[in-house]
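> next come a sequence and a model predicted from it.
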Amino acid sequence: MVETAPARGVTLGVEEEFLLVGADDGAPAGGGRDVVDADRALGGPGGGPGLQRELLATMVETATGVCTDLAGVRAELAAARARLERAARKAGLRPLASGTAPMAAPARAVTPTRHYRQMARLYGRLADETETCGCHVHVGVPDRESAVAVLNHLRPWLPVLLALSANSPYHQGADTGHASWRVLVLSRWPPTRYRPASRRPRSTTGRWPPCAVPASCRPERGTRTGSPAPPTICPPSRCGSRTSRPASTGPSSRPG
């Protein structure tokens, strides 16, 4: 889903997922509900925006609001992490920032909400085994045309972003031999497959947006597109338009 950025400029929001582990052994523990209840007891909303349960009972998620600058994101992230830490300690647990569970533990339970129960019915054991956590940054874009153009520019950088963010070499007490076991686990879900580059939709006026893909950034005629070169971020002096700034979809809900 694409959310149009407001006139005041680029907006962004961040979601962070954490494993819940035992304070003594570091093994995953199904205390998502306990942590949310502890947050409520400490004066927080106890779920909803800010702190909520995830796909499995061993996971929780924090989320900022819609922010307009990095200083606001930093402040909200720090507050959300501190809030989660207090609630987890009250529940006798600790939050762990890891792409997968490094320690072995018994079978996990799917969080009993309507949405997650439906996922479990559709995907069976795949849902039980998807104990993966990540950090998701959502950035607002001015329109759908810009969203498609930006996503096409980002595609060649996906391997680089994966290499920079790899944080899950261990799973269930074993060295997987991979820097990111998380991406292999998630690759089994149909919605996570890489899509081919998309054509930009025309605007409602029937014309292309003036600078979504500037002519100076397009490949020369005859250039092979099978192995795209890294995308170019055009300077304002080339494009003369604010739409040359990188952006992506706005804060929205996403699968667990």
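Right, received. Where do you want to start?
> now do the same end-to-end measure for stretch 103-119.
Taking C-alpha to C-alpha, to the nearest Å, stretch 103-119 runs 25 Å from one end to the other.
> so for that stretch, what gets flagged as buried?
Across stretch 103-119, burial judged by 16 or more other C-beta atoms under 10 Å covers 103, 105, 108, 110-111, 116, 119. No exception for glycine: its C-beta is placed from N, CA and C like everyone else's.
> show me how far it is from its chain's centre.
Here stretch 103-119 shows a centroid-to-chain-centroid distance of 19 Å under the convention C-alpha atoms, centre = their mean, to the nearest Å.
> cool, and stretch 128-147?
Chain-centre distance of stretch 128-147: 4 Å, with C-alpha atoms, centre = their mean.
> start and end of it, how far apart?
Across stretch 128-147, the terminal residues are separated by 33 Å (C-alpha to C-alpha).
> quick revisit: among the buried residues of stretch 103-119, which ones are in helices?
Among these, the members falling in helices are 116, 119 (criterion: DSSP state H).
> for the buried residues of stretch 103-119, which one is nearest Val148?
Nearest to Val148, judged by C-beta to C-beta, of the buried residues of stretch 103-119 is Met119 at 27.5 Å.
> my read is that the closest one contacts Leu55, right?
Yes - counting by C-beta atoms under 8 Å, Met119 sits close enough to Leu55 to count as a contact (6.9 Å).
> report the central residue of this protein.
Taking C-alpha atoms, centre = their mean, the centroid of the chain lies closest to His136, which sits 2.5 Å from it.
> before we move on, back to that, can you put the buried residues of stretch 103-119 in JSON lines and add pLDDT?
Output for the buried residues of stretch 103-119, formatted as JSON lines (pLDDT from 0 to 100):
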{"residue": "Met103", "pLDDT": "89"}
{"residue": "Ala105", "pLDDT": "82"}
{"residue": "Arg108", "pLDDT": "86"}
{"residue": "Val110", "pLDDT": "94"}
{"residue": "Thr111", "pLDDT": "94"}
{"residue": "Tyr116", "pLDDT": "93"}
{"residue": "Met119", "pLDDT": "93"}
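> coming back round to it: average pLDDT across the helix or strand where the residue nearest to the centre of the chain lies?
Per DSSP states H and E, His136 falls inside strand 135-139. Strand 135-139 comes out with an average pLDDT of 92.
> got the angle between whatever helix or strand comes next after that strand and strand 135-139?
Sequence order places helix 144-154 as the next helix or strand after strand 135-139, per DSSP H and E. Comparing the axes of helix 144-154 and strand 135-139 via axes from the mean of the first three to the mean of the last three C-alpha atoms, to 10 degrees yields an angle of 140 degrees.
> rounded mean pLDDT for helix 144-154, please.
87.
> centre of the chain to it, how far?
When distances are taken as C-alpha atoms, centre = their mean, helix 144-154 is centred 17 Å away from the chain's centroid.
> quick check: the gap between the residue nearest to the centre of the chain and Gly177.
26 Å (C-beta to C-beta, to the nearest Å).
> and Tyr123, by the same measure?
According to C-beta to C-beta, Tyr123 and Gly177 sit 25 Å apart.
> what about the two, which has more around it?
Just comparing Tyr123 and Gly177: by other C-beta atoms under 10 Å the higher neighbour count belongs to Tyr123, 15 against 7.
> per-residue pLDDT, the more buried one?
pLDDT for Tyr123: 91.
> how about the closest residue to it other than its chain neighbours, phi and psi?
In this structure, Tyr123 finds its nearest non-sequential neighbour in Trp189, 7.4 Å apart by C-beta to C-beta, 6 or more residues apart in numbering. When read as degrees, to the nearest 10, the backbone of Trp189 gives phi -90, psi 130.
> around Trp189, how many other residues sit close by?
15.
> now it: how far from Val183?
Here Trp189 is placed at a distance of 11 Å from Val183 (C-beta to C-beta).
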